[in-house]
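K.L.:
next input, structure requested:
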Amino acid sequence: MNNAAINIIVSEAEECLGPYCTCRGLKIYGFSHLRRAAAIAGRIAAATGQNVESAVVAGFLHDCARRHESGDAGHAHDSADLARVLLPMFYPHLNAHW
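P.N.:
From the prediction side, this is the model:
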């Protein structure tokens with residue numbers, strides 16, 4: 001899969017998941033960070049023969065519940081909790097991958 005195809009999956013993930021993310025206004029860990037992490041995860045998955053969509057979605061969600069640029073120690077757990085809600089809503093077909 002090429003970068004253009006991966007970027008389409010990233011855009012689709014942002015469209016579905018973005019409205020639920022609390023990191024929207026952050027400069028360092030906001031949406032640009034989520035998009036970059038998702039694209040990199042997708043490229044790694046493509047290069048290693050793994051499920052690209054799963055990797056992109058995981059990359060996008062990894063900091064989705066972050067609320068502060070620093071000192072947000074609980075954001076990983078909060079992001080995982082939010083992912084548990086969003087994945088069945090938007091990506092039930094990826095159930096075997098999460």
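K.L.:
going by C-alpha atoms from here, please, whenever you check contacts or count neighbours.
P.N.:
Noted.
K.L.:
beyond the top helix by length along the chain, next helix or strand please.
P.N.:
Selection of the longest helix in the chain by residue count, based on DSSP state H, yields helix 31-48. Scanning forward in sequence from helix 31-48 by DSSP states H and E, the next helix or strand is helix 52-61.
K.L.:
by how many degrees do that next one and helix 31-48 diverge?
P.N.:
Orientation check (axes from the mean of the first three to the mean of the last three CA atoms, to 10 degrees): helix 52-61 against helix 31-48 gives 150 degrees.
K.L.:
what about this structure, any weak spots by pLDDT?
P.N.:
Where the chain drops to pLDDT under 70, the residues are 96-98.
K.L.:
in the longest helix of the chain, what's buried?
P.N.:
By 16 or more other CA atoms under 10 Å, the buried positions in helix 31-48 come out as 31, 33-46.
K.L.:
for it, packing partners?
P.N.:
Applying 3 or more CA pairs under 8 Å, 6 or more residues apart in numbering; DSSP states H and E, one finds that helix 31-48 contacts helix 3-17, helix 52-61.
K.L.:
using PDB, list the CA coordinates for the last one.
P.N.:
Right, helix 52-61. What follows is helix 52-61, C-alpha atoms only, in PDB (Å, rounded to 0.1, in the frame of the first residue of the first chain):
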ATOM      1  CA  VAL A  52      -2.800  -1.100   7.800                       C
ATOM      2  CA  GLU A  53      -6.200   0.100   8.900                       C
ATOM      3  CA  SER A  54      -5.700  -1.300  12.400                       C
ATOM      4  CA  ALA A  55      -2.300   0.400  12.700                       C
ATOM      5  CA  VAL A  56      -3.600   3.700  11.500                       C
ATOM      6  CA  VAL A  57      -6.600   3.700  13.900                       C
ATOM      7  CA  ALA A  58      -4.300   2.700  16.800                       C
ATOM      8  CA  GLY A  59      -1.900   5.500  15.900                       C
ATOM      9  CA  PHE A  60      -4.700   8.000  15.700                       C
ATOM     10  CA  LEU A  61      -6.200   6.900  19.000                       C
END
